[in-house]
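>>> all I have is the shape, not the residue letters:
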């Protein structure tokens, strides 16, 4: 189901909301606070922290979700305390404070999606300025009420443990998410076990070779596709979640996840999907900011690295959709090969699946 087009206001003016909701909870105030850099720590956040009230922070929650949260945590309204905890961990993982983000015209969005009263689940996004060369970043999060909200970002042990021990979602969905964030499931094989972001048995143009999620940044985890029938499909089954209207993440049970950005005719998803599930069409959507130079699917591989969190991982030497990718001397170059066949940027690629 596509989200209702009800205008809301963020720090950059009106924009389309990224999910349907009956009553949105939005917290803003007048003062931005600095947050220290470093790795996110899973520890209760004191109630005195007011990060969620900064002008470049937006918190949203469905009315039903908000009503199921505890009334108070440590004397503070539960949604306020939860928002503060998520924002603090997000800033720590991103490695910047709100003042620095404000200078880059970025904001932090926290969307509380699920709760069972004692635990919560949602999406945290650090946006990029619209039209800039910068890229947005997103994490799923869990939080557990232990007299204060203890947050686990996607890929951390706390994230998986909170999901597994909660009553949120359906059992199969919880199991899929927990499996996707289990480092023991990540294969050392070069064959990743995912296909390409379009239907198996069809072709699209690989418009660019391996490059970073944000372009020239490493690792070169991404590749762009366009043409063909123009539709995006899950490259392997898993738990699919819409991060915003145009950006989907699918968490697979093999320890990897895949991102699909810039999608239009967007399908709002929250739940398990099979391989080949329709996600949307190639497009120029910038629901979390950044830029495009033409309609395409920005496809990214994510997995565990030495920080034990879901982050983009290099495509170099890995096989997806039956093709082994190789980096070029610079971003957007490189190629993919299968046997004696090599595909370079702007050439057609066939999806053999996995």
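Cool, got the structure. Predicted model, so just to flag it, every value in this text is computed and none were measured. Numbers count the residues shown, from 1 in each chain.

>>> quick one: pLDDT of residue 79?
pLDDT recorded at residue 79 is 85.

>>> host element of it?
helix 78-94 (DSSP states H and E).

>>> again with residue 144
Judged by DSSP H and E, residue 144 forms part of strand 137-145.

>>> which regions of the stretch 201-350 of the chain lie under the pLDDT threshold?
Counting by pLDDT under 70, the stretch 201-350 of the chain contains low-confidence ranges at 304-310.

>>> again, only this time at 90
Across the stretch 201-350 of the chain, the ranges flagged by pLDDT under 90 are 214, 253-256, 303-311.

>>> picking up where we left off before, now do the helix holding residue 79 against strand 137-145, angle only.
130 degrees (axes from the mean of the first three to the mean of the last three C-alpha atoms, to 10 degrees).

>>> is it true that residue 58 touches residue 109?
Yes: using C-beta atoms under 8 Å, residue 58 is in contact with residue 109, at 4.9 Å. No exception for glycine: its C-beta is placed from N, CA and C like everyone else's.

>>> tell me how far residue 156 lies from residue 316.
26 Å (C-beta to C-beta, to the nearest Å).

>>> between these two, point out the one with more neighbours.
Neighbour count, other C-beta atoms under 10 Å: between residue 156 and residue 316, residue 156 has more, with 25 against 16.

>>> next, the more buried one: phi, psi?
Backbone torsions for residue 156, taken as degrees, to the nearest 10, come to phi -90, psi 160.

>>> can you tell me how far it sits from residue 201?
Counting by C-beta to C-beta, the gap from residue 156 to residue 201 is 37 Å.

>>> okay, buried residues for stretch 90-98 please.
90-94, 96-98 (16 or more other C-beta atoms under 10 Å).

>>> what does stretch 112-129 give?
So, applying 16+ other C-beta under 10 Å, buried residues of stretch 112-129: 112-115, 118-129.

>>> widest-spaced pair of those residues?
118 and 129 (37.2 Å; C-beta to C-beta).

>>> ok, residue 179 to residue 239 distance?
Counting by C-beta to C-beta, the gap from residue 179 to residue 239 is 9 Å.

>>> same question for residue 158.
18 Å.

>>> equivalent analysis for residue 276, please.
Counting by C-beta to C-beta - residue 276 and residue 239 are separated by 15 Å.

>>> can you tell me the SS state at residue 333?
Secondary structure, DSSP: H, G, I helix; E, B strand; the rest coil: residue 333 is coil.

>>> for residue 135, see how far away it is.
19 Å.

>>> and those two? Which one has more around it.
Neighbour count, other C-beta under 10 Å: between residue 333 and residue 135, residue 135 has more, with 21 against 16.

>>> what about the closest residue in space to the more buried one that isn't next to it in sequence, neighbour count?
Take residue 135 and drop its neighbours on the chain: the residue closest to it by C-beta to C-beta, 6 or more residues apart in numbering is residue 214, 3.1 Å away. Residue 214 is flanked by 19 other residues according to other C-beta under 10 Å.
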